[in-house]
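S.K.: can't give you the sequence, but here's the structure:
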DNA sequence: AACAGGACTGTGCACGTTCACAGTTTGGGT
DNA sequence: ACCCAAACTGTGAACGTGCACAGTCCTGTT
């Protein structure tokens, strides 16, 4: 390791110069604007009950002094943090393997920017991290939490409820549907639509690669597949994965070894669909001529595959916007609500 | 969209019951412990100059009251936020495509947990986001920033310096090496080592797929490649990518079309190496018999490829730990320093 | 016995903001 | 001419913590 030092510090004023310019406070603004603290405060919080004249001079004073409100002081008195947590309940090694987190994160940050709020990313995979995260959140750092990847009976949900932290879940929180708000895509309906689409293409032996049973996407997409197939459902056509590319490859290989006449496969994620495509290629099957492939998510992968992937589009931007809206409403005292949004079929080259 | 409402609010106490239990403050702890606020405060901040007796009763009182320190009040008086920013300077569409961010993020969070500090993730891709992020940071929310993906002449660096926000960059910040601290891997040396390795395998026509020229990893890995090859360097053997799998495929296809006798390729990222492998396969080349492949990063991809990927291991956990250490030192008044760490060759099936 | 100094403890103030409340002005209706 | 509400403004508390300072006690030395 090479350590290499550049320059020193620029501290210590020369003589009596009042070098350390204190950060301007609301008092300074009030003084230079010729009004009182109260008026400035009112201006900062919406401008209700402040005359046009006062408004102008306050604005000028803020510009002149370079004032910026001290969030800590504000939070101390209001009790609000003006921040929400983006809470990832994923074990360490899985962090960000799911390509769906990025658009969710981005959408939430964008939606929040309009409300003068910010996003704090918290990772709570291990029990220790869970505790840290809850301590942090209940410490007043955050007004509420967006729970991103919840598993069935996740102790995190109980901890959040126990500490009375407003929370909205992405996807139905299995087992606790009634106590926490949620925004979810219509998993069952989406899966049914994909299966119906594959059937309309003439496929008759449609396999499925599922996600983990303890997550809503894993459970309900399988349910939709089963519902739509009805009497045609056959357990031998189902293999399970963990959302990842690799697990898609493994599951597809397993399916091909088990069943000879598969003519379509519906994977519960685009990544698994990509893995399945790789396995199908290796087995010499043509896509979509021999086997049609359908995914779920409409992630960036879908268009960069060869062939491009038919998949169910999840409206991530709307989902995150809804999560923010719901959470802010709950924080403001609103009721716990749940919102379901439709997934829409996007037909591409793989079917 | 289906909206569906469950239950109402549980507000409004029944009669005169003092229902809204105020959060316990340091004063309550002091009262139940039978000591003064000062003693409790001293206990909380290291326990220096507090007697064993007092220590015990404070500890008991904290447990009994369920006290948790109010970070906002603390920050207001100390001026410190006890949080660092993880600042991603990536345009929206590229967010988290780079698999190297996750281990960095995780490592930083872990290193920080030991210091009772937390991480705030900020995304600053667009000019608007840059401004928001800087406003947030200079608002006192954060004590310093870890700049993750810096590009040459990124205006973000100037903004940070201008607002006197302590910053440490991951990778040498092109153009401003002297003014901001940084932790970087020895890009040039690492690239040379990989090229030397490929040569030691008997390869003579070693191609390279580079990253963007405006990022240190893009620039210096190419320089190492060029340095090591010396007189054997040939511009026709160089194609450029953008770190992504797809760009690796495209670059490799381009190289194969341009040069016939390539017997090795060094990709500046594992993802591009994976893309290159796909392209080589498609062209009927065997790996490593016909063409050896080397990557850079040693990301999770490397071991899940077929064949497994020879690559340069980046010590992400050490890098993030160093970034945290350097940043905390700067915040404490230390000098601006830069640290370089070695990348180590990991030989696997692709060479 | 007086004293010095270390170990510990308590108190008042400051941090920068919001909020409730009490004023002051204005304008319109009686 | 009077009054009342609406529109605006200023002031004195808090909010919960850390820190400087002034104490008090105890132990060992002169």
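M.R.: That came through fine. Every value quoted in this text rests on a predicted model; they were computed, and no experiment measured them.
S.K.: Now chain A against chain B: closest residue?
M.R.: The minimum distance from chain A to chain B, using C-beta to the nearest C-beta, falls at residue A:121 (3.7 Å). (Glycine included, C-beta is placed from N, CA and C.)
S.K.: Assumed that residue was part of a strand.
M.R.: Yes. Assessed with DSSP: H, G, I helix; E, B strand; the rest coil, residue A:121 lies in a strand.
S.K.: Quick check: nearest residue in space to it, chain neighbours excluded?
M.R.: residue B:121 (3.7 Å; C-beta to C-beta, 6 or more residues apart in numbering or on different chains).
S.K.: list the contacts for the one you found?
M.R.: A:86, A:105, A:119, A:120, A:121, B:85, B:86, B:88, B:105 (C-beta atoms under 8 Å, 6 or more residues apart in numbering or on different chains).
S.K.: So what sits opposite the fourth one in the bridge?
M.R.: It refers to residue A:120. residue A:85 (DSSP bridges).
S.K.: my read: it touches residue A:83, true?
M.R.: Yes. The pair residue A:120 / residue A:83 is scored as a contact, 5.4 Å apart, by C-beta atoms under 8 Å.
S.K.: Give me the more crowded residue out of these two.
M.R.: residue A:120 (23 against 20; other C-beta atoms under 10 Å in any protein chain shown).
S.K.: OK, contacts around that one?
M.R.: A:83, A:84, A:85, A:86, A:141, A:142, B:118, B:120, B:121.
S.K.: change it to 10 Å
M.R.: A:81, A:83-87, A:133, A:136-137, A:141-142, A:145, B:83, B:118-122, B:141 (C-beta atoms under 10 Å, 6 or more residues apart in numbering or on different chains).
S.K.: Below-threshold pLDDT in chain A: ranges please.
M.R.: Along chain A, the parts satisfying pLDDT under 70 run over A:1-21, A:92-97, A:177.
S.K.: Which positions in it make contact with DNA strand D?
M.R.: Contacts of chain A with DNA strand D, taken as C-beta under 7 Å from any atom of the strand, map to A:34-39, A:42, A:49-54, A:73, A:76-77.
S.K.: Which one of the residues you listed is nearest to residue A:174?
M.R.: residue A:76 (38.1 Å; C-beta to C-beta).
S.K.: Residue A:182 falls within a helix, correct?
M.R.: No. Residue A:182 is assigned strand when assessed by three-state DSSP, not a helix.
S.K.: what about it, neighbour count?
M.R.: 25.
S.K.: Specify the beta-bridge partners of the spatially closest residue to it that is not a sequence neighbour.
M.R.: Counting by C-beta to C-beta, 6+ apart, residue A:182 lies nearest to residue A:169, which is 4.2 Å off, once chain neighbours are set aside. Taking DSSP bridges as the rule, residue A:169 bridges to residue A:147, residue A:182.
S.K.: So chain A: which segments form each domain?
M.R.: Annotated domains of chain A cover A:24-60, A:83-182+A:320-335, A:187-313 [automatic domain parsing].
S.K.: Please render the ones you listed as a markdown table that adds distance to residue B:157 to the earlier fields.
M.R.: Converted to a markdown table, those look like this (distance: least, C-beta to C-beta, whole Å):
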| stretch | distance to residue B:157 |
| --- | --- |
| domain A:24-60 | 25 |
| domain A:83-182+A:320-335 | 21 |
| domain A:187-313 | 28 |
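S.K.: which of the contacts of residue B:121 are close to DNA strand C?
M.R.: Counting by C-beta under 7 Å from any atom of the strand, no member of those is near DNA strand C.
S.K.: separation between the residue nearest to residue A:182 and residue A:338?
M.R.: As judged by C-beta to C-beta, to the nearest Å, residue A:169 and residue A:338 stand 9 Å apart.
S.K.: Residue A:266 should be in a strand, yeah?
M.R.: Yes. Counting by three-state DSSP, residue A:266 falls inside a strand.
S.K.: What is the neighbour count of it?
M.R.: The burial count for residue A:266: 33, using other C-beta under 10 Å.
S.K.: how near is it to residue A:350?
M.R.: With C-beta to C-beta as the criterion, residue A:266 and residue A:350 are 11 Å apart.
S.K.: between these two, what contacts are shared?
M.R.: Common neighbours of residue A:266 and residue A:350 (C-beta under 10 Å, 6+ apart) are A:273, A:276, A:292, A:293, A:294, A:295, A:310, A:311.
S.K.: The fourth one and residue A:286 touch, don't they?
M.R.: Read it as residue A:293. No. Counting by C-beta atoms under 10 Å, residue A:286 is not a contact partner of residue A:293; they are 11.1 Å apart.
S.K.: more crowded one of the two?
M.R.: residue A:293 (29 against 10).
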